[in-house]
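**Q** Quick check, what structure comes out for this input:
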Amino acid sequence: MAPLASMGKMLIFFGLFMALIGGILLLAGKLPGIGRLPGDIFVQRGNFTFYFPVVTSILLSILLTVILNVIFRR
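**A** Predicted structure coming up:
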C-alpha cells in the first residue's frame, strides 16, 4: 500500500504544479507585451501561422533563474 500512497502524493503534487503553471500562463497572456516582444518570431501566411517566442522565452528563463536562486539560496 505504501508505494501506491507515495505515487498518489506525487501525482497530487504534480497536478498542483501543473495548475500553478496553467494559472501563470493565463495571467501572463493578459500582461501587455508578453508574447509579442521584439525578436519573437511570428509568421502568418494564409492558413499557416508559426509563432516562436524566442525573446519571451529567454526573458522568462532569466526571471525564473533569478527567482529560484533567491528561493533556494543556501
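
**Q** Enumerate every residue touching residue 74.
**A** By C-beta atoms under 8 Å, 6 or more residues apart in numbering, no residues touch residue 74. In short, each C-beta sits where N, CA and C put it, glycine included.

**Q** Report the distance from the helix or strand residue 63 falls within to the chain centre.
**A** Here residue 63, judged by DSSP states H and E, is contained in helix 54-71. Offset of helix 54-71 from its chain centre (C-alpha atoms, centre = their mean, to the nearest Å): 10 Å.

**Q** Please apply the same query to stretch 50-60.
**A** For stretch 50-60, the separation from the chain centroid amounts to 11 Å (computed by C-alpha atoms, centre = their mean).

**Q** Longest helix in the protein, please.
**A** helix 2-30 (DSSP state H).

**Q** which other helices and strands contact the helix or strand just after that one?
**A** Sequence-wise, the next helix or strand downstream of helix 2-30 (DSSP H and E) is strand 41-45. Applying 3 or more C-beta pairs under 8 Å, 6 or more residues apart in numbering; DSSP states H and E, we find strand 41-45 packed against strand 48-52.

**Q** Please save the CA atoms from the strand it packs on in PDB.
**A** C-alpha atoms of strand 48-52 as PDB (Å, rounded to 0.1, in the frame of the first residue of the first chain):
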ATOM      1  CA  PHE A  48      -0.400  28.900 -41.900                       C
ATOM      2  CA  THR A  49       0.700  30.500 -38.600                       C
ATOM      3  CA  PHE A  50       4.000  30.000 -37.000                       C
ATOM      4  CA  TYR A  51       4.900  31.600 -33.600                       C
ATOM      5  CA  PHE A  52       8.100  31.000 -31.700                       C
END
